[in-house]
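Visitor: mind folding the following:
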Amino acid sequence: MLLARPAGYWWRALASLLAKLAAATDELPLGPLADTVAQRKTAFTTARDRFAEILGAGGVSRLQPAGSLADDDYQLALTLHMAALVAVDAHRRRVSAPDDPGQLSRYLIDREYDHWETMRANSRISSPAPTMARLVALATLTQSVPHVTGLGLLRTAGLADGPAGAQALLDDHAACYPATGGPGMVLEPLLPDRLGEDLIAGLMPTDADGDPWAAGLLGSLTAQAGGNPPAWAAAAVSVLIETGQRWEHVRQGYLAPLLRERPGLALAAGGAALVTLAGYADPDVLTALKAVLPGHRHVELDGGIAALTRRLTDYGLEQATDDAERGRLHEDMADRFSNAGLRGEALSASQDAIAIRRRLALADPASHEPMLANSLGNLGIDLWGLGRSADALDAMREAVAIYRRRGEAEPGAYEEDLAAELNNLAGSLLDLQRYKEALAPATEATAIFRQRAGATSSLRNELGSSLRNLAVILNGVGQPEEALAAAQEAVANYRLLAGDRPEAHEVELADALRSLSSRLSRIRDLDAALRAAEESVTISRRLAAANAGAHEPNLALALHGLASRLWDTGQRQQSLAAGGEAADLQRRLAEEHPRAHERAMGVILNTLASHLAEESRPQEALAACEEALAIWRRIDPGPGPQLARALETRSRALSVLGRQQGKSASS
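Guide: Reported below is the predicted structural model:
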């Protein structure tokens, strides 16, 4: 049994071999740990008995969790484990356990205080419990930091007057919480995160309770020096955002005032923190955040920006007084969703925007048709991203027709908009492999942007996109030299843009490098083609790590390109490794969104199967071939080239297998 392993290409090949041995195989998805009360009971009992074993406690079989396991708090495995630990610890110490799951943290924090007092009584630390609580809260907010940073941080937080006092505090903290972040790191945070967050919340003053020192801590940690917040500010705000999710006084008394005054701190906290904040922030905080959101794609923040935009749009629609504003809100939301890789949500928002724009354009074409065309272009991109290329083509054509009509009425007014939609139209035709039809709109779009781009980054971005499309189209119509020139110009363009704003333009640079690699391969400049493919994969990995949903599709394609370039240069084992990784990744994408990713899955499998057959690995080649054939027969039932390639590879693999079996029998 293989437990909790992704069923990737390796599994497909193994399952095929097992099937030939008449062994039954199956794949079972792992669901939530404790979805029902009965499952929660089992999880609690397992944890309780294990904690009792570790702590040397007997007679625990009758111990029950705090409150009812039907309580929503027990949806989290962490709460179940906390309840088990608390029950065993209270039993062992012969004290009353909490009767409410909301009090579990309080009990465990009280045990931390007991621990500090015991350490001090045994002369292992010199700091009293209130000082230790401040140290632990500080460490939890800032997370682990280098030693020299920790010395300065204690003075910034008002806990030490000089280096000697700061070092003594660091020594006390390390005695209770040894650092795990590597050599030279100090101020290990209290774990699990929830416990540390609850300790912070308990220290932050309310009307009735709290530590006055904690009231000014956040201001000290985020105070700007030389115009920029200190290095630890982002971590502190991120932890406070998580804390504010469950503690009202932290949210209203500390976090909201800080973000209303300095909303940029939320962006520094990162995309995950923005997603959390979007779930509960009040409208005034959302409005403050809206003012500082980047107007362009931001790889690290796109997911968080999409979550915030959803809330902002809901709030804006409630306040909007006219359809033009409602259309703009839907369109902005579609754009943000698209950047985050949420194609389905982007499509829905685009359709809402178009419904409004059509109604307005019927009443006043001159004023509203241009925005309708813009919405149609965005709709086409979303449809293309979902694998609906024919529908995307219809939307792009309508957008081009509108801009041509408006351009005739107002010469020169919409030339750049027309070029953008011509480029989108060319991309849709390219996706359908209608290269001859795509050449004219791609050429026209490139000519307009080349004439107008200059130093304007937004138009240079459009120029790069049109050049990238043009390169593929020129290659498709048999002009490899011209295709290479366009691809090289696209890469040069995106290098300049990515140098200024990598968070916005590295996506296009990676894609342009992948295209350039293919063009270089076509003219047999194999070493240069390999270098471009390797750089494309390096960038794509970094992007996918920041936002998998948005960038894993491009990573799969980049890996497929790298596999081909490695094969061309004789690095066959490295090629198979890259091809296998591409197949594993693309398979998962195709399982989640078949229509959008199955075709790419088939192409990747065809290439991988061919390479495996050539390397005399027929069993694995046959497994990949059968999977590819199932795809091509489903989406291309006619005798297309990809289906023919899969059939030819299967024939070769069977031939290799026959020869191997013949040699085995003769020996």
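Visitor: look up phi and psi at the spatially most central residue of the chain.
Guide: The structure's the chain has its C-alpha centroid closest to residue 547; by C-alpha atoms, centre = their mean the separation is 2.0 Å. With angles defined as degrees, to the nearest 10, residue 547 sits at phi -150, psi 90.
Visitor: low-confidence ranges in the stretch 201-350 of the chain?
Guide: 208, 225-227 (pLDDT under 70).
Visitor: which residues in it form helices?
Guide: Taking DSSP state H, counting those that start in this stretch as the test, the helices found in the stretch 201-350 of the chain are 212-215, 217-222, 233-244, 248-250, 256-261, 264-269, 271-278, 283-290, 302-319, 323-339, 343-363.
Visitor: okay, the fifth one in PDB with CA atoms only?
Guide: Okay, so that is helix 256-261. Extracted in PDB, the C-alpha atoms of helix 256-261 (Å, rounded to 0.1, in the frame of the first residue of the first chain):
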ATOM      1  CA  ALA A 256      -7.700  48.000  11.600                       C
ATOM      2  CA  PRO A 257      -6.300  51.400  12.800                       C
ATOM      3  CA  LEU A 258      -2.800  50.400  11.600                       C
ATOM      4  CA  LEU A 259      -4.000  49.300   8.100                       C
ATOM      5  CA  ARG A 260      -6.200  52.300   7.700                       C
ATOM      6  CA  GLU A 261      -3.200  54.500   8.300                       C
END
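Visitor: which single helix of this structure contains the most residues?
Guide: Counting residues, the longest helix in the chain under DSSP state H turns out to be helix 641-666.
Visitor: how about it: buried residues?
Guide: Within helix 641-666, the residues scored as buried using 16 or more other C-beta atoms under 10 Å are 642-643, 645-646, 649-650, 652-653, 656-657. Using the backbone N, CA and C atoms, a C-beta is placed for each residue, glycine as well.
Visitor: what pLDDT, on average, does that helix get?
Guide: Mean pLDDT, helix 641-666: 82.
Visitor: that one - contacts with which helices or strands?
Guide: helix 594-614, helix 618-635 (3 or more C-beta pairs under 8 Å, 6 or more residues apart in numbering; DSSP states H and E).
Visitor: got those as a markdown table, with distance to residue 47 and mean pLDDT columns?
Guide: As requested, the helices and strands packed on helix 641-666 are exported to a markdown table (distance: least, C-beta to C-beta, whole Å; pLDDT from 0 to 100):
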| stretch | distance to residue 47 | mean pLDDT |
| --- | --- | --- |
| helix 594-614 | 39 | 89 |
| helix 618-635 | 41 | 89 |
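Visitor: reformat the ones you listed as CSV; add distance to residue 440 and mean neighbour count.
Guide: Converted to CSV, these look like this (distance: least, C-beta to C-beta, whole Å; neighbours: other C-beta atoms under 10 Å):
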stretch, distance to residue 440, mean neighbour count
helix 594-614, 25, 22
helix 618-635, 28, 21
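Visitor: any chance of these in a markdown table, with distance to residue 529 too?
Guide: Formatted as a markdown table, these follow (distance: least, C-beta to C-beta, whole Å):
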| stretch | distance to residue 529 |
| --- | --- |
| helix 594-614 | 15 |
| helix 618-635 | 24 |
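Visitor: buried residues in the helix or strand in which residue 396 is found, which are they?
Guide: When elements are assigned from DSSP states H and E, residue 396 belongs to helix 389-409. Judged by neighbour count (16+ other C-beta under 10 Å), helix 389-409 contains these buried residues: 389, 391-393, 395-400, 402-403, 406-407.
Visitor: beyond that helix, next helix or strand please.
Guide: helix 415-431.
Visitor: what average pLDDT does that following helix get?
Guide: Helix 415-431 comes out at a mean pLDDT of 91.
Visitor: list the contacts of residue 175.
Guide: Contacts here follow C-beta atoms under 8 Å, 6 or more residues apart in numbering; on that basis residue 175 touches 119, 124-125.
Visitor: and if we set it to 10 Å?
Guide: Residues near residue 175 by C-beta atoms under 10 Å, 6 or more residues apart in numbering: 119, 124-127.
Visitor: now those: which count as buried?
Guide: 119, 125, 127.
Visitor: kindly reformat those residues as CSV containing distance to residue 148 and secondary structure.
Guide: Below are those laid out as CSV (distance: C-beta to C-beta, whole Å; DSSP: H, G, I helix; E, B strand; the rest coil):
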residue, distance to residue 148, secondary structure
119, 26, helix
125, 22, coil
127, 21, coil
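Visitor: including distance to residue 568 and pLDDT, could those go into JSON lines?
Guide: Output for those, formatted as JSON lines (distance: C-beta to C-beta, whole Å; pLDDT from 0 to 100):
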{"residue": "119", "distance to residue 568": "64", "pLDDT": "95"}
{"residue": "125", "distance to residue 568": "63", "pLDDT": "96"}
{"residue": "127", "distance to residue 568": "64", "pLDDT": "95"}
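Visitor: of those residues, which is the nearest to residue 613?
Guide: Taking C-beta to C-beta as the measure, residue 119 is the one of the buried ones among the contacts of residue 175 closest to residue 613, at 66.0 Å.
Visitor: pretty sure the closest one contacts residue 176?
Guide: Yes - taking contacts as C-beta atoms under 10 Å, residue 119 lies within contact range of residue 176: 6.1 Å.
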